[in-house]
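Enquirer: just need the structure, nothing else, for what follows:
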Amino acid sequence: MVNEILLIPDKSDIERDSIADSWKNNGGEVIRIGKFWERPDVDSEKRLTIYGINTFSLVLAQVLGLELIEPKDELISELDFNWIKRKIEIVTIQEIKNSLFPIFIKPKTFKSSVYNDFDSFTKETKGIEQNEQIITSNIIKIESEIRAFILDNKILDMAIYEGNSNLESAREFLTDFLQNHSIDLPESYVIDLGFNRTDKWFVIEFNSSWGAGLNSCDPNKVINGIRAATINK
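Expert: Numbering: from 1, shown residues only. The predicted structure is shown next:
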């Protein structure tokens, strides 16, 4: 990371601080940003990498003219059933009917959650455009969860962050997925896997490497994935 700068929020955070320490140990510079909506004083000759929560990262990238790569939300709905073990669809708010509940809903402008009834859903979406797209999923039991950072279709690191399960069986499932999936994933991303004794392993969701928490992954192993998620134009 020599002649490279990592930009992170100024607020202390155990996971981000560990990434910052790893970055510095590899010869890079770290700058903590408070007013991320203003252009920071950075050396334009050095390569920049952003790591932080969504609003921070997206706004700062726009200010600096950088591109952040991430998986498209709708990709999860394009996976074969054997990878996800549940029905996932892209619909609009106005297409949600009372008969669908309870259901998991992942939107862009309101809270992702399991909604138990139509009334709670309509209260949450009051005032939101009815043609806004959302991701729906029938509810699946999750007994254990694993996070993995991926770069160039290879596992940088993976770790259990909820429950107890066999990490090696998860690695076998993920390796199979990386070799055989048919969707257009970016060079760098994070994938979360779930497990239950009936369905075994399945993909929960995809996230950006620039915004995802470590969830017990080793910062020294995943730092190159985080770096690759920022494109300097």
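Enquirer: and the pLDDT at the residue nearest the centre of the chain?
Expert: Taking C-alpha atoms, centre = their mean, the centroid of the chain lies closest to Asn207, which sits 1.5 Å from it. Among the per-residue scores, Asn207 shows a pLDDT of 94.
Enquirer: could you do Val2 as well?
Expert: Spelled out, the predicted local distance difference test score at Val2 is 87.
Enquirer: quick check: phi and psi on the residue nearest to it when sequence neighbours are not counted?
Expert: Spatially, and ignoring its direct neighbours in sequence, Val2 is nearest to Gly27 (4.1 Å; C-beta to C-beta, 6 or more residues apart in numbering). (Each C-beta comes from the backbone N, C-alpha and C, glycine too.) Geometry field for Gly27 lists phi and psi as phi 90, psi 10, criterion degrees, to the nearest 10.
Enquirer: so Gly27 makes contact with Lys46?
Expert: No - proximity of Gly27 to Lys46 does not meet the contact threshold set by C-beta atoms under 8 Å, at 11.9 Å.
Enquirer: those two: who's more crowded?
Expert: With neighbours defined as other C-beta atoms under 10 Å, Gly27 and Lys46 compare such that Lys46 has more, 14 against 10.
Enquirer: contacts for stretch 220-232, please.
Expert: Applying C-beta atoms under 8 Å, 6 or more residues apart in numbering, the contact partners of stretch 220-232 are 1, 4, 19, 22-23, 25-26, 47-51, 61, 66-70, 149-151, 156-157, 186-190, 208-210, 214.
Enquirer: my bad, should have said stretch 106-125
Expert: So stretch 106-125 is contacted by 73, 93, 96-98, 101-105, 128, 132-137, 139, 205 (C-beta under 8 Å, 6+ apart).
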